[in-house]
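Novice: Fold the following for me, if possible:
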Amino acid sequence: MPGADFQPIDMALLLASLAAKAADIETTKKALASGGSEFNPFMRGKPSNKDLNIAGMLAAAVQIGAAVNLPKKQRRPFLAGMLAMETALAHQNTKGRQHKNFADAMKRPVAAGLIAALLGHVLLGDDGPMLTVSSGKVPAIKLEMKF
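Specialist: Residues are numbered from 1 along each chain as shown. Now for the predicted structure:
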């Protein structure tokens with residue numbers, strides 16, 4: 001059954017990525033109200049708040065569907081990448097930087113998403129590094145890697 005192996009970390013990543021998506025939508029609205037432009041090819045120019053809300057809800061539904069149907073090994077990197085990309089988009093919307101085109105506007109957010117996806121694979125997967133806390137004479141954190 002898809003999504004049957006959802007664990008608290010999966011739900012936390014999903015909810016955080018959806019919150020970042022909402023922040024992206026809200027900061028996009030503010031940027032547009034301040035004279036900015038939308039470069040998403042599906043929403044070119046000056047989309048209405050209603051159009052932005054609908055697009056955000058559709059994108060969130062696709063993201064939820066993907067997260068529920070992906071196996072854990074792909075789900076966590078996907079959600080970590082989405083979280084980073086949406087956070088970077090929301091942050092970028094607050095800077096007022098003018099972009100030349102869609103590719104220019106997406107460079108940094110996509111790079112952040114790819115880095116986070118890689119880290120999500122390494123740090124959040126079952127076969128990635130494991131952090132354990134040991135308490136002997138001196139408390140310590142031990143990093144182990146499964147190969």
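Novice: helices and strands around the longest helix belonging to the chain, which ones?
Specialist: Assignment by DSSP state H gives helix 8-33 as the longest helix of the chain. Helices and strands touching helix 8-33, by 3 or more CB pairs under 8 Å, 6 or more residues apart in numbering; DSSP states H and E, are helix 49-69, helix 72-93, helix 102-124. Heads up, the C-betas are built off the backbone N, CA and C, glycines and all.
Novice: switch to 6 Å and redo it
Specialist: Judged by 3 or more CB pairs under 6 Å, 6 or more residues apart in numbering; DSSP states H and E, the packing partners of helix 8-33 are helix 49-69, helix 72-93.
Novice: mind putting those in JSON lines, mean pLDDT and distance to D24 included?
Specialist: Formatted as JSON lines, those follow (pLDDT from 0 to 100; distance: least, CB to CB, whole Å):
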{"stretch": "helix 49-69", "mean pLDDT": "95", "distance to D24": "8"}
{"stretch": "helix 72-93", "mean pLDDT": "93", "distance to D24": "4"}
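Novice: Could you look over those helices and pick the most buried one?
Specialist: Burial of the helices and strands packed on helix 8-33 is given as mean neighbour count (mean count of other CB atoms under 10 Å); helix 72-93 ranks first at a mean of 22.
Novice: So which residues make contact with that one?
Specialist: 5, 13-14, 16-17, 20-21, 23-24, 27-28, 31, 67, 70, 108-109, 112-113, 116-117, 120-121, 124-125 (CB atoms under 6 Å, 6 or more residues apart in numbering).
Novice: now those: which count as buried?
Specialist: 13-14, 16-17, 20-21, 23-24, 27-28, 31, 67, 70, 109, 112-113, 116-117, 120-121, 124-125 (16 or more other CB atoms under 10 Å).
Novice: ok, for L18, nearest residue in space, not its chain neighbours?
Specialist: For L18, ignoring the flanking residues on the chain, the nearest one in space by CB to CB, 6 or more residues apart in numbering is A60 at 5.6 Å.
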